[in-house]
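Student: Have a look; sequence and predicted model below, questions after that.
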Amino acid sequence: MKSKLAQLKEMTTVVADTGDFEAISQYSPEDATTNPSLILKAAQMPTYKSLVDDVVSDVSMQNLSSTEQLSLCMDKLAVGIGQKIIQVVPGRVSTEVDARLSFDTERSIIKARQLIDLYQQAGIGKDRVLIKMASTFEGIRAAEQLEKEGINCNLTLLFNFTQAAAAADAGAYLISPFVGRILDWYKANTDQQDYSPDEDPGVQSVTRIYNYYKQCGYNTVVMGASFRNIGEITELAGCDRLTISPNLLQALDDDFGSLERKLDASSTGSKIYYSLGNESAFRYELNDDPMATEKLSQGIRSFIADQIKLESWLLKANK
């Protein structure tokens, strides 16, 4: 009998949600995703010590201001970890733009180009990389321009249908609709604490987005993210992709029960009607969803905090 992880791989592309390439090697996913929080953890692992030392040494020798050196250090470290990950996955790695640029379209575009340039200097084509940005209005507009340049994007911190519709309309290569963080919000803000997998509000959100995309014929890939338990994952079996942390990959690999396909492009249920509005409508609809508004803001703040922690750690490593 196959494990649930093996069964899942037969219907969904499995992505490792970690910066630890040794953990990635263990579960043989197709792709891997990173973010500032994961990079912070990975950079402090003994496995990456030589990479950190090389990055700091290389950047310190360049004729740049201290601010420019720190920025380049951060980019080179993210790309260096991405480069190691690419050695153990056949597909792509997602590398995130500085979350402090989440509300700046032009600077997000510039940073994305810089990251792609560093990958290309390392001999890695842009077809192996996804640029991650928050699903703010500005982030979606940046992705729209980058896609026209052949730079594929992963729009993350996506919590509601309006964000998803706007991302697909912009031609984003991939979205990462969150599951577990939506569940967290409902547990914290309602009286209900226990949810079966099919009642899970995060699962329901991703299911609706997936069905809408397939009904409309969008090419944008739906990659469920941010899972709290394997029930959420198995309820989304059949989704285009699922990015899963190592501990949940292990739980799936240890479970030899049968796994049923839940999402299917040929069977998407009742027609979903939605009319995508302009910028004002996007902002209004996002603001009208307290869960999405709060979790998007919280997610950006959290990534920024870890970005700053990593910068502080690098400055100490450079002394």
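Tutor: Ah, there it is. Bear in mind the structure is a predicted one, so any value in this text is a computation, not a measurement. Residues are numbered from 1 along each chain as shown.
Student: how far is the longest helix along the chain from where the chain is centred?
Tutor: Secondary structure assigned by DSSP state H gives helix 290-317 as the longest helix of the chain. With Cα atoms, centre = their mean, to the nearest Å as the basis, helix 290-317 stands 14 Å off its chain's centre.
Student: So which bits of it are buried?
Tutor: The neighbour-count check on helix 290-317 (16 or more other Cβ atoms under 10 Å) flags 291-292, 295-296, 299-300, 303-304, 306-307, 310-311, 314 as buried. No exception for glycine: its C-beta is placed from N, CA and C like everyone else's.
Student: doesn't Ile131 fall inside a strand?
Tutor: Yes. Applying DSSP: H, G, I helix; E, B strand; the rest coil, one finds Ile131 inside a strand.
Student: Which residue, neighbours along the chain excluded, lies closest to it?
Tutor: Excluding its sequence neighbours, the residue lying closest to Ile131 (Cβ to Cβ, 6 or more residues apart in numbering) is Ala112, at 4.4 Å.
Student: What helices and strands are in contact with the longest helix of the chain?
Tutor: helix 36-43, helix 49-60, helix 66-86, strand 129-134, strand 153-158, helix 161-169, helix 180-189, helix 279-287 (3 or more Cβ pairs under 8 Å, 6 or more residues apart in numbering; DSSP states H and E).
Student: Return the most buried member of those.
Tutor: Stretch with highest mean neighbour count among the helices and strands packed on helix 290-317: strand 153-158 (a mean of 30; mean count of other Cβ atoms under 10 Å).
Student: Next, the angle strand 129-134 makes with that strand.
Tutor: 30 degrees (axes from the mean of the first three to the mean of the last three Cα atoms, to 10 degrees).
Student: Now do strand 153-158: distance to the chain's middle.
Tutor: Going by Cα atoms, centre = their mean, where strand 153-158 is centred and where its chain is centred differ by 6 Å.
Student: ok, it: who's next to it in the sheet?
Tutor: Sheet pairing of strand 153-158 (DSSP bridges) gives strand 129-134 (parallel), strand 174-177 (parallel).
Student: So what's the predicted local confidence for the residue nearest to Ile131?
Tutor: Here, the pLDDT recorded for Ala112 equals 98.
Student: contacting residues for it?
Tutor: Val97, Ile131, Met133, Ala142, Leu146, Ile151, Cys153 (Cβ atoms under 8 Å, 6 or more residues apart in numbering).
Student: try Lys111
Tutor: Asp75, Val97, Asp98, Leu101.
Student: go on, Leu5?
Tutor: Counting by Cβ under 8 Å, 6+ apart, Leu5 touches Val14, Tyr27, Leu249, Leu252, Asp253, Asp255.
Student: let's see it at 6 Å
Tutor: Leu252, Asp253 (Cβ atoms under 6 Å, 6 or more residues apart in numbering).
Student: what about it, which SS state?
Tutor: Leu5 - assigned by three-state DSSP - is helix.
Student: And the pLDDT at it?
Tutor: 97.
Student: Just the buried ones from the contacts of Lys111, in PyMOL syntax?
Tutor: Selection of buried members from the contacts of Lys111 for PyMOL, criterion 16+ other Cβ under 10 Å:
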select buried, resi 75+97+98+101
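Student: how far away is the residue nearest to Ile131 from Thr105?
Tutor: As judged by Cβ to Cβ, to the nearest Å, Ala112 and Thr105 stand 11 Å apart.
Student: what do you get for Ala16?
Tutor: Ala16 sits 30 Å away from Thr105, going by Cβ to Cβ.
Student: repeat for Asp20
Tutor: Separation of Asp20 from Thr105 (Cβ to Cβ): 32 Å.
Student: Over to Leu38?
Tutor: 25 Å.
Student: Same question for Gln204.
Tutor: In terms of Cβ to Cβ, Gln204 sits 31 Å off from Thr105.
Student: wait, which of the strands paired with strand 153-158 is closest to Leu8?
Tutor: Nearest to Leu8 among the strands paired with strand 153-158 is strand 174-177 (17.3 Å), distances taken as Cβ to Cβ.
Student: what number of residues lie near the residue nearest to Lys132 when sequence neighbours are not counted?
Tutor: Distances taken as Cβ to Cβ, 6+ apart put Glu96 closest to Lys132, at 3.9 Å, once the chain neighbours are dropped. Per other Cβ atoms under 10 Å, the neighbour tally for Glu96 reads 25.
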